[in-house]
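>>> Predicted coordinates and the sequence they were generated for:
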2 protein chains.
Amino acid sequence: MTSYYNKVLEPTSRTTLRRRAGRAKYDRAAIDAILDEGLVGHLGICDPDGQPVVLPVTYARLADDIVFHGAALGRLLGTLAQGVPVCFTVTLLDGLVLARSAFHHSMNYRSLVVLGEARALRDTEAKLAALTAVVDHVAPGRSADVRGPSRQELAATEVATLPLREASAKIRTGPPVDAAEDYALPCWAGELPLSLAAGAPLADARCAAPTPAYIDPYRRIHAKSIAA
Amino acid sequence: MTSYYNKVLEPTSRTTLRRRAGRAKYDRAAIDAILDEGLVGHLGICDPDGQPVVLPVTYARLADDIVFHGAALGRLLGTLAQGVPVCFTVTLLDGLVLARSAFHHSMNYRSLVVLGEARALRDTEAKLAALTAVVDHVAPGRSADVRGPSRQELAATEVATLPLREASAKIRTGPPVDAAEDYALPCWAGELPLSLAAGAPLADARCAAPTPAYIDPYRRIHAKSIAA
């Protein structure tokens, strides 16, 4: 267990939850657990004319940074590399919360918002480490089984990094909370748990290799999060 | 089947996919299917200082609009109601794509980006219709079983609507596409299907009602999408 797991991030005016403040978490253990379980996050940037753009991205956590990658010629990574303000959000949906009134319906979730400025990684070794982390984030151990990036592939890939400095998590768990008088209503109320489920792996038509252990059974809770 | 299902949205300079243009869809059938299956989207706005903010939100599609709701005093809905530019993104993750090289790893997904300006709904009937749609989006038929919003609850809820006018979907399906020379490599390659799965409903401690059919079995593909 590394030291940053014990760290609690200082809430800023931008990451302090004002509504439902009881659901807020600022400690790295909670933040890292969400980051490490998520597969896709949503990255937001602002166009110069004030138009937000939010796109789904894969990512990985590398110690105190989040790393992203994309085509060097793409709009998103090209913008990220300029060091503009970004917002990176990861949401894990854990269930529906069905209350006795429409008003108190909710969802159980764990979400994370990271604010900051991304910067491009241009050093070859650092880019390689980031790309390896992204592959292993999806399936730990996968990078050792596959051909690593060629010089040409590395050049075609832009890698950006966002420090995990200004961030907050928000977590809702548990049953619905109904207004006292609504408990007398006859309708069903409770939770419907939801989770990401893996189906049977589908080898491609030209694959004769056995299915690796990291995808069957497939799990999103990795050892590094459990260690926290 | 209503007429807008046959509509194809005109791609704008902001919604035309430049990379992987073969994955783009601009027809309402594809767009609506993603919207109707998704449970949570990510809504992005820009702060006046150019800082993007991306938050997970529930929503519903009401004909040619997307509706959102939130606390009237909250930051997000308060900003939306001012008619600022927003980006609303829904991502459905369908699987991991494991290629023989790190570079060709990918994901199968269906994502949707909607750009535009949201506006507040202040008419009581329109607000009620939107809130009903949001409840029924989660579980079709649910709104008929629960207590509807009181006058006080309606006043405490801000509802915003975003026209489904400038939007594009992006879809990847199928196995990995490896470089020709990599097919000789011995590693496993293929797809790992992923989907949102519902567990057994958990009635809350004070609930004696039978479990409704709309949550057991729970399905995210609704009749209105299938009709398309």
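Happy to help now that I have it.
>>> And A:Ile221, what's its pLDDT?
If you check A:Ile221, the pLDDT there is 77.
>>> now swap in A:Ala227 and tell me
Predicted confidence (pLDDT) for A:Ala227: 42.
>>> For stretch A:181-200, what is the distance to the chain centroid?
Put simply, stretch A:181-200 sits 24 Å off its chain's centre (C-alpha atoms, centre = their mean, to the nearest Å).
>>> Check whether it comes near chain B.
Yes. Stretch A:181-200 reaches chain B (C-beta under 8 Å from any C-beta of the partner chain) through A:182-183, A:185-200. Placement of C-beta: from N, CA and C, glycine included.
>>> Span of that stretch from start to end?
With C-alpha to C-alpha, to the nearest Å as the measure, stretch A:181-200 spans 47 Å from end to end.
>>> coming back round to it: quick one: buried ones out of the residues of stretch A:181-200 next to chain B?
Among the residues of stretch A:181-200 next to chain B, those classed as buried by 16 or more other C-beta atoms under 10 Å in any protein chain shown are A:182, A:185, A:187-192, A:194, A:196, A:198.
>>> show me where chain A has strands.
In chain A, the strands defined using DSSP state E lie at A:24-25, A:41-46, A:52-57, A:60-62, A:65-71, A:85-98, A:106-117, A:119-121, A:157-163, A:166-172, A:190-198, A:202-203.
>>> So which of the ones you listed is the most surrounded?
When you average the neighbours per residue for each of the strands of chain A (mean count of other C-beta atoms under 10 Å in any protein chain shown), strand A:41-46 leads with a mean of 26.
>>> what packs against the longest helix anywhere in chain A?
Across chain A, the helix with the greatest residue count (assigned by DSSP state H) is helix A:124-138. If contacts are counted by 3 or more C-beta pairs under 8 Å, 6 or more residues apart in numbering or on different chains; DSSP states H and E, helix A:124-138 sits against strand A:60-62, strand A:65-71, helix A:142-145, helix A:151-155, strand A:157-163.
>>> and if we set it to 10 Å?
strand A:60-62, strand A:65-71, strand A:119-121, helix A:142-145, helix A:151-155, strand A:157-163, strand B:85-98 (3 or more C-beta pairs under 10 Å, 6 or more residues apart in numbering or on different chains; DSSP states H and E).
>>> Check which residues of that helix are buried.
In helix A:124-138, counting by 16+ other C-beta under 10 Å, buried: A:127-128, A:130-138.
>>> buried sites along stretch A:29-43?
By neighbour count on 16+ other C-beta under 10 Å, the buried set for stretch A:29-43 is A:29-43.
>>> which among the residues you listed gets closest to chain B?
Minimum separation from chain B among those (C-beta to the nearest C-beta) is found for A:His42, which lies at 3.9 Å.
>>> Looks like the closest one contacts A:Val90 (just checking).
Yes. A:His42 lies in contact with A:Val90 (C-beta atoms under 10 Å); the separation is 7.7 Å.
>>> Need the overlap of contacts for the two.
Common contacts of A:His42 and A:Val90 (C-beta atoms under 10 Å, 6 or more residues apart in numbering or on different chains): A:113, B:42, B:56.
>>> Next, format those residues as a markdown table and append pLDDT.
Converted to a markdown table, the shared contacts of A:His42 and A:Val90 look like this (pLDDT from 0 to 100):
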| residue | pLDDT |
| --- | --- |
| A:Val113 | 96 |
| B:His42 | 97 |
| B:Pro56 | 95 |
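>>> Reformat these as JSON lines; add distance to A:Arg147.
Output for the shared contacts of A:His42 and A:Val90, formatted as JSON lines (distance: C-beta to C-beta, whole Å):
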{"residue": "A:Val113", "distance to A:Arg147": "36"}
{"residue": "B:His42", "distance to A:Arg147": "33"}
{"residue": "B:Pro56", "distance to A:Arg147": "36"}
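>>> How about A:Ala197, nearest residue that isn't a chain neighbour?
Nearest non-adjacent residue to A:Ala197, counting by C-beta to C-beta, 6 or more residues apart in numbering or on different chains: B:Ala197, 3.6 Å away.
>>> Would you mind trimming the buried residues of stretch A:29-43 to those in range of chain B?
Counting by C-beta under 10 Å from any C-beta of the partner chain, A:39-43 from the buried residues of stretch A:29-43 sit close to chain B.
>>> closest to B:Ala120 among the residues you listed?
Nearest to B:Ala120 out of those is A:His42 (C-beta to C-beta; 23.8 Å).
>>> Next, work out how far apart the residue lying closest to A:Gly74 once chain neighbours are set aside and A:Val57 are.
Of all residues not flanking A:Gly74 in the chain, B:Arg19 sits nearest, at 5.4 Å (C-beta to C-beta, 6+ apart). According to C-beta to C-beta, to the nearest Å, B:Arg19 and A:Val57 sit 13 Å apart.
>>> hey, what's in contact with both of the two?
Here B:Arg19 and A:Val57 have A:70, A:76 as joint contacts, going by C-beta under 10 Å, 6+ apart.
>>> re the thing from before, could you report the neighbour count for the residue nearest to A:Gly74?
When neighbours are counted by other C-beta atoms under 10 Å in any protein chain shown, B:Arg19 registers 13.
>>> who touches it in this structure?
A:70-71, A:73-76, B:170.
>>> When you compare pLDDT across the residues you listed, which one is lowest?
Out of the contacts of B:Arg19, that is A:Leu73, at 68.
>>> For the residue with the largest distance to the centre of chain A, give me its contacts.
When distances are taken from the C-alpha mean of chain A, A:Ala184 lies farthest, 39.7 Å away, according to C-alpha atoms, centre = their mean. With contacts defined as C-beta under 10 Å, 6+ apart, the neighbours of A:Ala184 are A:100, A:178, B:206.
>>> Of the residues you listed - the most surrounded one?
A:Arg100 (26 neighbours).
>>> Surely that one touches A:Trp188?
Yes. Between A:Arg100 and A:Trp188 there is a contact under C-beta under 10 Å: 8.8 Å.
>>> Spit out the residues that contact those two alike.
B:145-146, B:204, B:207, B:209.
>>> which stretch in the strands of chain A is the model least sure about?
Per-stretch mean pLDDT for the strands of chain A is lowest at strand A:24-25 (a mean of 88).
>>> Any part of that strand near chain B?
No. Strand A:24-25 lies apart from chain B when judged by C-beta under 10 Å from any C-beta; the minimum separation is 13.4 Å.
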